[in-house]
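>>> this is a predicted model, with the sequence first.
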Amino acid sequence: MSGRPESERSDWTDLDLLTRDEAYGRLQEEIGLTVGRLAELGADDAAERELLDTRLRALREAAEDLNVR
Amino acid sequence: MPLQPWMKLLSTDDHLIEPPRLWTDRLPAKYRDLGPRIVEQARGEGQAPAEVWNYEGRIYPYIGLNAVAGKSPEEFGLEPTRYDEMIPGCYDPKARLRDMDLDGVWGALCFPSFPRFAGTVFLDGQDRRLALLCVQAWNDFVIDEWCATAPGRLIPLVILPLWDVDACAAEIRRTAAKGAKAISFPENPVPLGLPSFHTDHWDPVFTAAEETDMPLCLHFGTSGAAPRTAPEAPFAVTITLFATNSMYAAADLLFSPVLHNHPRLKIGLSEGGIGWIPYLLERADGTWERHRFYQNVNQTVRPSDLFHKHFHGCFIDDRFGVEVRHHIGVDKITWECDYPHSDSYWPKSRAYAAEVLADVPDDEVHKIVELNTRRLYNLPA
């Protein structure tokens, strides 16, 4: 697979792990999208609004946790 | 929307990072300094020391973060890292559950990291007794701690002491009794210096897997050999060809005695995608039709029949595979997420799955994302 010494190899030596920064960025993007979807909802979309509000809170909490080291 | 809110997404290929004290908390006192433990290693000036695994004095610099093509050379390769640079869901099961909830994912089967995806790092062990204890410690951690955090959601997959086939069979039975649901096994043992599928060496393992009704999960890369065309070829070539490892494994097993001698064996091709399956089966059947007579292969059962009886695959975003699902067999397809690797779509895996499956009837979607995995891995609803 690679010329690296055996002890330096792993099955995922060449795979990429989601980093804190990448994860934070993805959460911010999803927060933005969720806020946008909420803004598009009408007055009779209460159930959808509640679901999205719940998701938005969870996304924001997760992002806040990742942003604090 | 074929992916209905009440369908529970079960991923057959996720990964976990071993917490630092996994082995030191479980090994007998005399082995604690020799077994895998996290030690600090100096990095550049102004940087916190790296955390690396030390196993029998050998340093394994990858606890988790490995970079790839797409990042600058300074950022990838041999850069060791620290736990505080990871997202906690990598190594903390409660954090994992929160990330799964954000992602709309109900269940996850997690492969190891430091031990490599099929536990092959313990083949490096100089002390076989210690290596066996290390394998058992990983399995006990997964069953007693990781998956016990959320039974039914975190699905126990175990590794084996691959240097001793009888010990492998014993470990399968021991862990099955504790609740294990799947076994990680090398996609090809030969590059690891182990006997091939064309010998009877592994029969005790396959028998134990049949008896316990646990699938053998062959994750690509577990042979230690990834597709690489040239030293200077960009890594994009290897990434593009990853699924060929699963093709090798499928062809190897289809023309081996294994599936004829073990009629109840289940094989999962983990992270290998599914779109290639119809072509490979057509090719394998054609080869069998024309060339079986002068070779030491089974003369009565077509390879495609064997495949449909024994194999299942999984996909993240294999749109072509979804399109040709009836050639693969809808009952043979499972869904995967691959968290926490960056090719996962976290935190929108569910939304992405809905998009990929948008043209698939509801009942087939339900099979692919949930019911097939429940049936194959014995997971009651």
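Nice, thanks for sending it over. Numbers count the residues shown, from 1 in each chain, chains lettered A, B, ... in the order given.
>>> quick one: neighbours of A:Leu59, just the number.
Number of residues near A:Leu59 (other Cβ atoms under 10 Å in any protein chain shown) recorded here: 22. For glycine as for every other residue, the C-beta is placed from the backbone atoms N, C-alpha and C.
>>> can you tell me the SS state at the residue nearest the centre of chain A?
Residue closest to the mean C-alpha point of chain A, counted by Cα atoms, centre = their mean, is A:Leu27 at 3.4 Å. Going by DSSP: H, G, I helix; E, B strand; the rest coil, the secondary structure assigned to A:Leu27 is helix.
>>> what sits closest to it if chain neighbours are left out?
Nearest residue to A:Leu27, sequence neighbours excluded (Cβ to Cβ, 6 or more residues apart in numbering or on different chains): A:Ala63, at 4.1 Å.
>>> which SS class is the one you found?
Using three-state DSSP, the structure places A:Ala63 in helix.
>>> that one contacts A:Gly25, doesn't it?
No: A:Ala63 is beyond contact range of A:Gly25, at 9.4 Å (criterion: Cβ atoms under 8 Å).
>>> these two - which one has more neighbours?
A:Ala63 (19 against 13).
>>> contacting residues for that one?
Listed by Cβ atoms under 8 Å, 6 or more residues apart in numbering or on different chains, the contact partners of A:Ala63 are A:Tyr24, A:Leu27, A:Gln28, A:Ile31.
>>> among the residues you listed, which ones are buried?
A:Tyr24, A:Leu27, A:Ile31 (16 or more other Cβ atoms under 10 Å in any protein chain shown).
>>> from these, which is closest to chain B?
A:Leu27 (6.3 Å; Cβ to the nearest Cβ).
>>> hang on, the closest one packs against A:Leu66?
Yes: if you go by Cβ under 8 Å, A:Leu27 and A:Leu66 touch, sitting 6.9 Å apart.
>>> related to what we said a few turns ago, including distance to B:Leu154 and pLDDT, could the buried ones among the contacts of A:Ala63 go into TSV?
Shown next, in TSV, are the buried ones among the contacts of A:Ala63 (distance: Cβ to Cβ, whole Å; pLDDT from 0 to 100):
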residue	distance to B:Leu154	pLDDT
A:Tyr24	24	94
A:Leu27	22	96
A:Ile31	27	97
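>>> what kind of secondary structure is B:Asn298 in?
When classified by three-state DSSP, B:Asn298 comes out as coil.
>>> just checking, it touches B:Pro257?
Yes: B:Asn298 is within contact range of B:Pro257, at 7.5 Å (criterion: Cβ under 8 Å).
>>> next, B:Ala230: secondary structure please.
Per three-state DSSP, B:Ala230 ends up coil.
>>> that one: neighbour count?
As a burial measure, B:Ala230 scores 7 neighbours (other Cβ under 10 Å).
>>> try B:Pro361
B:Pro361 has 11 neighbours, counted by other Cβ under 10 Å.
>>> could you pull up phi and psi at it?
Phi and psi for B:Pro361, reported as degrees, to the nearest 10, are phi -60, psi 150.
>>> apart from its chain neighbours, what residue comes closest to it?
Among residues not flanking B:Pro361 along the chain, B:Pro2 sits closest, at 6.4 Å (Cβ to Cβ, 6+ apart).
>>> can you show me the helices along chain B?
Ranges of helices in chain B, per DSSP state H, are B:93-103, B:128-140, B:165-178, B:203-212, B:235-254, B:258-261, B:277-291, B:303-310, B:319-323, B:325-328, B:349-356, B:362-366, B:372-376.
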